[in-house]
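Undergrad: okay, predicted coordinates and the sequence, questions at the end:
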Amino acid sequence: MNTRYETVIGLEVHVQLTTATKIFCGCSTAFGQAPNSQTCPVCLGLPGALPVLNREVVNAAIKAGLATNCRIAPYSIFARKNYFYPDLPKGYQISQFELPICEHGWLDIGGEEFAAKRVGITRIHMEEDAGKLLHGSSAGSLVDLNRACTPLLEVVSEPDMRSAAEAIAYLKQLHQIVVYLGVCDGNMEEGSFRCDANVSVRPVGQVELGTRAELKNLNSFRFIKQAIDFEVERQIELIEDGGKVIQETRLFDPDAGVTRSMRGKEQAHDYRYFPDPDLLPLEVSDVWIDEVRAALPELPGQKRQRYEEALGLPAYDAAVLAAERPVAEYFDALVVLHKNPKLCSNWVMGEVLGAVKENDVAIVDCPVTPTLLAGILKRIEDNTISGKMAKTVFTTIWQSGKSADEVIAEKGLKQVSDSGALDAIIDEVIAANPTEVAEYQGGKDKLMGFFVGQVMKASKGKANPGLVNQLLKERLSA
Amino acid sequence: MSESQFTISSLGKELQAQRTTAVAATRQCVERINNTDNQLNAFITRCDDSAFQDATAADARLSAGSAATLTGIPLGLKDIFSTKGVRTTCGSKILDNYVPVYDATVVERLRAQGAVIVGKLNMDEFAMGSSNETSAAGVCRNPWDKNHVPGGSSGGSAVAVAAGQVVAALGTDTGGSIRQPAAHCGVVGLKPTYGRVSRYGVIAFASSLDQVGPITRTVDDCALLLEAIAGYDPRDSTSVDCPVPDYQAHLRDGVTGKKIGLPREYFIEGLDPEVKRAVDDAIEVYRRLGAELVPVSLPHTDYSVACYYLIATAEASSNLARYDGVRFGVRHSSGGGLIDMYQQTRSAGFGAEVKRRIMLGTYALSSGYYDAYYLKAQKVRTLIRQDFHNVFEQVDLLLTPVAPTAAFKIGEKTDDPLQMYLSDIFTIPANLAGTCAMSLPCGFDAAGMPIGLQLIGKPFGEGEMLQTAWAFEQATDWHTRQPVL
Amino acid sequence: MKISEQDVAYVAGLARLSLTPEELKTMTGKMDAMLGYVDKLNELDTDAIVPTAHAVPMANAFRGDQVIPSSGSAAALANAPQGTDGCFQVPRVIE
Ligand SMILES: [Mg+2]
Ligand SMILES: [Zn+2]
């Protein structure tokens, strides 16, 4: 990358909310229904129909605002954004322009490729989505208005990011937060979390921003990175060749990995925003904000911090466990039952996540519940079973739903920790392997593993490995 | 019906006593329409068949003794109300074939009462006009003199009531569209306080100004019909959740001691001398009845027309964007692209006055002009509202003319939109302030055209305003006169 | 002149109206007259005045997040000038 230029990125994210109904009418927001079946006079924009605001959308906006350190406006208004397009039934989109519900927020991001930094959030506002335009037939385009009037939050960042890596870190964190809050399902392929990127470059040291291009159609983190990297290269080359970047909207083509100008389709933006006379101002009281705040879940950042500081987990473990709310909740439930955080963490990150992935079940449906797993961990710690044995127990519980103690009893997996019983086995092993004994005593320490293995084998895996080690050392050094 | 035109209250009594039937009353209206509407053109769409079905159902309800105030009463609706299964054009070519799939809230309420919907009435296109001359269905004529306009935009509603084609009608009023045609046709018209009546299902012209209201022969009827349609509607965010009073309860309480303000800005040069004389006579009537007449001032009156035309056209430019030929209405396309289709549909579908207003409103909101025009007008609107707020601390209600002149001749003002707009100077301020106002007959000019008196009440003061109007109606006989057809 | 024919043509584009050259001329004249008239608002000093968007001061009208059965695609398309496969059809939009 050319080091004489600095990249400047600002992001606009559209977060589709998981409310049962649309933002201004009672139609269902269910995905994948027959075209235009989820419509009514309001979302079809029929003459005379009027919008009424879904209170749950306001709650979601307040949640998102609080989770991103925004100020929640005590007074905000809805505005009409006027433009013609077949997927926009009324000829205007109801959005917020002046006086949005959330402003002045931020998220802290950190990563391996860049220093930790704070990205400003200019605003979060509520708005309605447009319908879908299908370009199937040659005769014309088709309009499905099921998605029209679906609630969105638009989260607008400051142009604070300086690389694709920073942009991705910011987006991943925002994604994690809105999914954690339960306000968005986070499905990028279905368009529930959509991102437009404003990208510009400027010579290092220049204060004013370069001319930006707005990149659209970025429906995965990978595409966002590709699009930004391509666009930065394109702009730098253009400037180096004596050209000028023009302000325009560019569409990312995932197949070719390039951005392309939407020239021609766009005419000058003159949206003629004005306050929507059909909707009243929105007043959010401190009481309302406090109610929402009190009901907020612990957020991923807070969880990571607690896992590291209060539970003493390594940063890596904390990040993995906190990444998804259901995983964190499984872990939180487990660690209450079994107070050895590191052992819990190892098991959740290892066996539990591995098994749910392998069996393709959600962690909330994991047959080995935190209570059952805690039963296993208890028997590991009191040396009833070995760690290795515990894995077998885990698999058995997964299939049977029985408790650890039941499985241990039924299968006779109880570990042999009685030195008298082990002494006899050790005697046999030493007697059967005189050469190895001589070599070990001659200084070949590595052979200890061999002896332990032989004892474990002879005990059918039930011997307590720690105790075997200890007894073997005593005997062989004698 | 001509010699003994029914009112809601008189027909209601006859129906309740089973001295007549809803079917008979409906037949009388239908015959009257058959005999007169070729001269008047008050109807855009007639619903004879469904009207007789409504009437039959009403008669059953009357026999069963479960009738409401409006059961069996033949009513007309301005063609601006969405009526399920009945064509609704809003006076425009662009909606020539539009059949709504839902009823407006006010229509639902009328149907729930068992009213008989006789048809959809003529109006200026998208309610944009003061003479009914911009209607795609052609001009509607004043029953007192068919060379004169009936006023607008609810021209057809006023004409149908004045001519005895229906017992009463609903109109809408954005800048005087109920009161001015009521005055020009010699009937009673009331614009409620903004938020008093639901706008759901009413095709929008200017959302922050539009209100639905009754047009009737008497003040009594006006109270009855208003009570039937008023009240909170959760489907209209701007509808106000406050109880609807029993308007009949104090209707006959008189005006003794009532303070009635006479705003000096409404008695100006340019006010037709005959209109002035009729209004002066009305003032005398009130004095005689024991009211106190108080000179007051609404200093920003002169700015109301300019303020109104910016706000109303701006809102209209956005409200009328949905007429794009995609989901309903008449599409024009000659095989070009999307923008072509939009432009052809809208250029062929809208009439000249509607286009002018869309253009002015679009300009007032466009980049670089918003502050100078739209925002400025909203600030002036605040001053106009404050005028009313101040004056209502001194008086109970206001008395003014409805319009500077009686109904003018067809074609007289069509070339000069500004002159047409200025004729709404006395009605526009109440819409900007959001308060209630009504028009009632107070005389005739030398040519025999009716003259209207305007009362402007406090916000949600419909009850007191109707009571004041009823006292005048009792003391005069203007409302008993009927045009000869 | 408060407004030029170019301005009027630009506004007509925003409003998706096409005007013939004669219409453009007439429209410019009428809009110019109206804009000249509304200029009288500038006689008033409104710097300290709060704009009025709603005639009746109110706030917070909500509905609950309860599904109301939709009217369905047949009702949606009942008035469609052109419909195909349950969708509204429009002239082809090129992206
Ligand atoms: Mg947006
Ligand atoms: Zn809907």
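TA: Received the coordinates, thanks. Residues are numbered from 1 along each chain as shown, chains lettered A, B, ... in the order given. Ligands and ions are numbered 1, 2, ... in the order given.
Undergrad: A:S220 reaches A:M188, doesn't it?
TA: Yes - applying CB atoms under 8 Å as the test, A:S220 and A:M188 come out as touching, 5.6 Å apart. For glycine as for every other residue, the C-beta is placed from the backbone atoms N, C-alpha and C.
Undergrad: for the two, indicate the residue with more neighbours.
TA: Regarding A:S220 and A:M188, a neighbour count based on other CB atoms under 10 Å in any protein chain shown identifies A:M188 as having more, with 18 against 12.
Undergrad: and that one, that one's in a helix?
TA: No - according to DSSP: H, G, I helix; E, B strand; the rest coil, the state of A:M188 is coil, so it is not within a helix.
Undergrad: you'd agree it is up against A:N217?
TA: No - judged on CB under 8 Å, A:M188 makes no contact with A:N217 at a distance of 11.7 Å.
Undergrad: give me the buried positions along stretch A:401-415.
TA: Neighbour counts using 16 or more other CB atoms under 10 Å in any protein chain shown place A:402, A:404, A:407-408, A:413, A:415 of stretch A:401-415 among the buried residues.
Undergrad: ok, so of those residues, who is nearest ligand 2?
TA: Lowest distance from ligand 2 to the buried residues of stretch A:401-415 (CB to the ion) belongs to A:K402, with 50.3 Å.
Undergrad: how about the strands in chain B?
TA: Assigned by DSSP state E, chain B shows strands spanning B:43-46, B:74-78, B:116-121, B:168-173, B:188-191, B:211-216, B:259-263, B:292-296, B:397-401, B:437-444, B:450-456.
Undergrad: nearest to A:F78, out of those strands?
TA: strand B:211-216 (21.2 Å; CB to CB).
Undergrad: count of residues packed around the residue in the stretch 351-478 of chain A positioned nearest to chain B?
TA: When CB to the nearest CB is the measure, the stretch 351-478 of chain A has its nearest residue to chain B at A:V364, with 36.8 Å between them. Look at A:V364: counted by other CB under 10 Å, it has 11 neighbours.
Undergrad: and for A:T435?
TA: Applying other CB under 10 Å, we find 7 residues neighbouring A:T435.
Undergrad: any idea which element it lies in?
TA: helix A:434-441 (DSSP states H and E).
Undergrad: can you check A:G105 too?
TA: strand A:102-109.
Undergrad: helices and strands around the helix or strand following that strand, which ones?
TA: Per DSSP H and E, strand A:102-109 leads on to strand A:117-128 as the next helix or strand towards the C-terminus. Helices and strands touching strand A:117-128, as assessed by 3 or more CB pairs under 8 Å, 6 or more residues apart in numbering or on different chains; DSSP states H and E, comprise helix A:55-67, strand A:92-95, strand A:102-109, strand A:151-157, helix A:164-181.
Undergrad: what is the longest helix of chain B by residue count?
TA: Counting residues, the longest helix found in chain B (DSSP state H) is helix B:22-40.
Undergrad: actually chain C, not the one I wrote
TA: From DSSP H, the single longest helix across chain C is helix C:21-38.
Undergrad: chain center to the helix or strand just after that one, what's the gap?
TA: Toward the C-terminal end, the helix or strand that comes next after helix C:21-38 (DSSP H and E) is strand C:62-63. Per CA atoms, centre = their mean, to the nearest Å, the displacement of strand C:62-63 from the mean C-alpha position of its chain is 26 Å.
Undergrad: does ligand 2 sit close to the helix or strand just after strand C:62-63?
TA: Remark: after strand C:62-63, the chain's next helix or strand is helix C:72-77, criterion DSSP H and E. No - with CB under 5 Å from the ion as the measure, helix C:72-77 is seen stopping short of ligand 2, the closest distance being 9.6 Å.
Undergrad: mean confidence score for whichever helix or strand comes after helix C:72-77?
TA: The element immediately downstream of helix C:72-77 (helix or strand, assigned by DSSP H and E) is strand C:83-84. Computed over strand C:83-84, the mean pLDDT rounds to 92.
Undergrad: export the helix or strand following strand C:83-84 to PDB, keeping only CA atoms.
TA: Using DSSP H and E, the helix or strand that follows strand C:83-84 towards the C-terminus is strand C:87-90. Extracted in PDB, the C-alpha atoms of strand C:87-90 (Å, rounded to 0.1, in the frame of the first residue of the first chain):
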ATOM      1  CA  CYS C  87     -46.000  -8.300  -8.200                       C
ATOM      2  CA  PHE C  88     -46.500  -4.800  -9.500                       C
ATOM      3  CA  GLN C  89     -44.800  -4.500 -12.900                       C
ATOM      4  CA  VAL C  90     -43.000  -1.400 -14.000                       C
END
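Undergrad: which strands or helices does strand C:87-90 pack on?
TA: In terms of contact count using 3+ CB pairs under 8 Å, 6+ apart, strand C:87-90 is assigned the packing partners strand A:141-144.
Undergrad: quick one: contacts for the residue in chain A positioned nearest to chain B?
TA: The nearest approach of chain A to chain B comes at A:G91, 2.4 Å away (CB to the nearest CB). With contact taken as CB atoms under 8 Å, 6 or more residues apart in numbering or on different chains, A:G91 is in contact with A:45, A:82-84, B:318, B:320-322, B:324.
Undergrad: pipe those residues into TSV and attach pLDDT, distance to chain C and neighbour count per row.
TA: Below are the contacts of A:G91 laid out as TSV (pLDDT from 0 to 100; distance: CB to the nearest CB, whole Å; neighbours: other CB atoms under 10 Å in any protein chain shown):
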residue	pLDDT	distance to chain C	neighbour count
A:G45	98	11	25
A:N82	97	8	23
A:Y83	96	9	16
A:F84	96	5	19
B:S318	98	10	26
B:L320	98	9	29
B:A321	98	8	26
B:R322	98	12	23
B:D324	97	7	27
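Undergrad: for ligand 2, state which of these is nearest.
TA: Comparing the contacts of A:G91 against ligand 2 with CB to the ion picks out A:G45 as the nearest, at 9.9 Å.
Undergrad: just to revisit the earlier point, of the buried residues of stretch A:401-415, closest to C:E22?
TA: A:K402 (89.8 Å).
Undergrad: so the closest one makes contact with A:T395?
TA: No - look at A:K402 against A:T395 with CB under 8 Å: they stay out of range, at 11.8 Å.
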